[in-house]
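S.K.: The amino acid sequence is not available; the structure is as follows:
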RNA sequence: CGGAGCGUAGCGCAGUUUGGUAGCGCACUACACUGGGGGUGUAGUGGUCGUCGGUUCAAAUCCGGCCGCUCCGACCA
């Protein structure tokens, strides 16, 4: 590609509203432009990267036996009513009516549509298993789009859906998708981890997320230091403490704690460590009642675990201040389990506390020296908290560390949730109708591009892995408008390399300054760079530089061909 | 939706306190010099100051409504 015929929309200055490095570099390198909140136009350079990612995904999906389809972005509301998600999905589902007043939505995901396709077109067990995928634009009306393409409202996703007649068969496809995903992210040289994940509201049994490890990630991933165990913090079990609860040794005492509400305030005020203060949170119960969730003060509620409790309403909803006032006649900062007439569920760690402090269910008062059994009823016990670094690993080996991850892929065993609701059935060998079991598998294509940049950049710009670089080689002439020889050498080399199948960006604008071209080529992250000038030509060499290496090297012109063959990945 | 902040040229910003000719840097156009690592000079292009209304002789500036955006908390690939 000749740069004179290609939109290189690079910018020197960092746009003010770009927070994370990938967002900044994508804007500066001219990959994307913002159209509105959470909506981005992909410029020519960005599209080239996107196409590379899609190509890798297609190759791996095809190799794993999946078939490509393409489903509409706009979907009939009826279908979503049939699955029960039209009202359940929440405000992320953008709904609208057509001119006839029929309801439609923009697809945030495509379970309904594939399941509908399958129930119409698959009739026999002979067609099972089947795995259909597409690469399509999705829309989720995110509350807060941010980090550019990392959490946008419109995004491109590869989603696949498999159909089976047995759990065993589903497991096989699931495992095959697991390895296909590892292959996809491996081909992009990403430092990633498959981690155990919560199946969330979609339900089903097995689920893994694929996370790219990066500081800017929005998820906490926990690892065992002595085994392969890795899980999303939402999923990671906090084991019960091994030590027994101490005997009560202090007397219960009520203390005035004016204006002390948070655990931090209370622990400072009472001069007690946070581990000695009990945290009591009120949430809406499944029966319309209120439930008290109790944690050690220094621990954090794991909302997914809480939501998965039967007694707790799903989605999780904290009790409003008004509701608390009505039930307990006090504010949220002064609640405790003593004489509390609500169902109380305590975290495994909280229940081993003794002589602790907690709210007195009376504004501006706390209790100290409180003990379970003696002062308040033994609560129900559950795993309610987020694990913290240093906790024992739930796999039984090692302790946990926590890192940030960007979720770029997610695989699920869905079970029969959608096939049952939409009656996706086929006849088995005995002529009997059987409901299909489903799996679903997503890769955030656009998000993956951002994740790659998060892991591959320096202070000059992006450093693309060979497999998804927009161009392999940048060809830069020095003063071509002055030197016929340079121009000719570059023209020839450009033609030759292009003919051989290399993707070359030829910086052929006659008056472009060398420094500007070099800076641009580094900013947009092209892996290999050739600089051709009079001096080099006279001494029979061409300057080469690898984007990842700090130094130039001169390559003899007559060896250039083999040098490139050896050092540049042909795609 | 709650809390904080912003809206002035394609990008980054000043000007708003104290009302009085719309500015700077980058980018862009032309020319010249320069020419082996974001160069210099000269001359230019580009703005109904988010929007609607009010106050005033006069509003980017003061007042009010609306819209949009960003950041911090609840969603997910």
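M.R.: Thanks, I have it. Predicted, not measured: the structure shown is a model, and the values here were computed from it. Numbering: from 1, shown residues only, chains lettered A, B, ... in the order given.
S.K.: Need the three-state assignment for residue A:81.
M.R.: Per DSSP: H, G, I helix; E, B strand; the rest coil, the secondary structure class of residue A:81 is helix.
S.K.: Give me the neighbour count for it.
M.R.: Residues contacting residue A:81 under the criterion other Cβ atoms under 10 Å number 13. Any C-beta I mention is one placed from the backbone N, CA and C, and that applies to glycine too.
S.K.: Tell me which stretches of the stretch 101-250 of chain A form strands.
M.R.: Along the stretch 101-250 of chain A, counting by DSSP state E, counting those that start in this stretch, strands occupy A:103-106, A:130-139, A:154-164, A:192-196, A:207-213, A:219-224, A:230-232.
S.K.: how big is the angle separating the third one from strand A:130-139?
M.R.: If you take axes from the mean of the first three to the mean of the last three Cα atoms, to 10 degrees, strand A:154-164 sits at 160 degrees to strand A:130-139.
S.K.: Surely residue A:116 touches residue A:79?
M.R.: Yes: using Cβ atoms under 8 Å, residue A:116 makes contact with residue A:79 at a distance of 5.9 Å.
S.K.: what is in contact with those two at once?
M.R.: Common contacts of residue A:116 and residue A:79, defined by Cβ atoms under 8 Å, 6 or more residues apart in numbering, comprise residue A:422.
S.K.: Between those two, which is the more surrounded one?
M.R.: For residue A:116 versus residue A:79, neighbours defined as other Cβ under 10 Å are more numerous around residue A:116 (22 against 19).
S.K.: check contacts around the residue nearest to the spatial centre of chain A.
M.R.: Nearest to the mean C-alpha position of chain A, by Cα atoms, centre = their mean, lies residue A:407 at 2.0 Å. When contacts are counted by Cβ under 8 Å, 6+ apart, residue A:407 touches A:209-211, A:217-219, A:444, A:447.
S.K.: how about the lengthiest strand in chain A: buried residues?
M.R.: When chain A is scanned for its longest strand (criterion: DSSP state E), the result is strand A:400-415. Neighbour counts over strand A:400-415 (16 or more other Cβ atoms under 10 Å) mark A:400, A:402-403, A:405-415 as buried.
S.K.: Please see if it touches RNA strand B.
M.R.: Yes: contact of strand A:400-415 with RNA strand B is found when judged by Cβ under 7 Å from any atom of the strand, involving A:407-410.
S.K.: Pull the number of nearby residues for whichever residue of the stretch 301-450 of chain A sits closest to RNA strand B.
M.R.: Distances between the stretch 301-450 of chain A and RNA strand B by Cβ to the nearest atom of the strand are smallest at residue A:444, namely 2.7 Å. Residue A:444 has 25 neighbouring residues, counting by other Cβ under 10 Å.
S.K.: Quick check: it vs residue A:159, distance?
M.R.: 10 Å (Cβ to Cβ, to the nearest Å).
S.K.: What of residue A:483?
M.R.: Applying Cβ to Cβ to residue A:483 and residue A:159 gives a distance of 53 Å.
S.K.: got it, and residue A:387?
M.R.: From residue A:387 to residue A:159 the distance is 30 Å (Cβ to Cβ).
S.K.: Look at those two and report which has more neighbours.
M.R.: Applying other Cβ under 10 Å to residue A:387 and residue A:159 shows that residue A:387 carries more neighbours, namely 25 against 22.
S.K.: pLDDT wise, what is the more buried one at?
M.R.: At residue A:387, the pLDDT value in this model is 92.
S.K.: Was I right to think it contacts residue A:232?
M.R.: No: if you go by Cβ under 8 Å, residue A:387 and residue A:232 don't touch, sitting 10.7 Å apart.
S.K.: Tell me which helix or strand residue A:525 sits in.
M.R.: Under DSSP states H and E, no helix or strand contains residue A:525.
S.K.: what's the burial count for the residue nearest to it when sequence neighbours are not counted?
M.R.: Distances taken as Cβ to Cβ, 6 or more residues apart in numbering place residue A:462 nearest to residue A:525, at 3.2 Å, with adjacent residues excluded. Residue A:462 has 25 neighbours, counted by other Cβ under 10 Å.
S.K.: is it true that residue A:462 touches residue A:453?
M.R.: Yes: with contact defined as Cβ under 8 Å, residue A:462 reaches residue A:453; the gap is 5.5 Å.
S.K.: any low-confidence regions in chain A?
M.R.: Within chain A, the ranges that satisfy pLDDT under 70 run A:200-205.
S.K.: And the helix or strand hosting residue A:426, what's buried?
M.R.: Here residue A:426 sits within strand A:425-427, counting by DSSP H and E. Under the neighbour-count criterion of 16+ other Cβ under 10 Å, strand A:425-427 has A:425-426 buried.
S.K.: got a list of contacts for the helix or strand following it?
M.R.: As assigned by DSSP H and E, the chain's next helix or strand after strand A:425-427 is strand A:433-435. Strand A:433-435 is contacted by residues A:125, A:165, A:416, A:419-420, A:423-428 when judged by Cβ under 8 Å, 6+ apart.
S.K.: Need the buried ones from the residues you listed selected in ChimeraX.
M.R.: Those of the contacts of strand A:433-435 that count as buried under 16+ other Cβ under 10 Å are selected in ChimeraX with:
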select /A:125,165,419,420,424,425,426
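S.K.: Intersect the contacts of strand A:433-435 with the contacts of RNA strand B.
M.R.: For RNA strand B, no contacts are drawn from the contacts of strand A:433-435 by Cβ under 7 Å from any atom of the strand.
S.K.: Can you add distance to residue A:254 and give the contacts of strand A:433-435 back as TSV?
M.R.: What follows is the contacts of strand A:433-435, written out as TSV (distance: Cβ to Cβ, whole Å):
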residue	distance to residue A:254
A:125	69
A:165	64
A:416	54
A:419	58
A:420	55
A:423	61
A:424	61
A:425	64
A:426	67
A:427	71
A:428	68
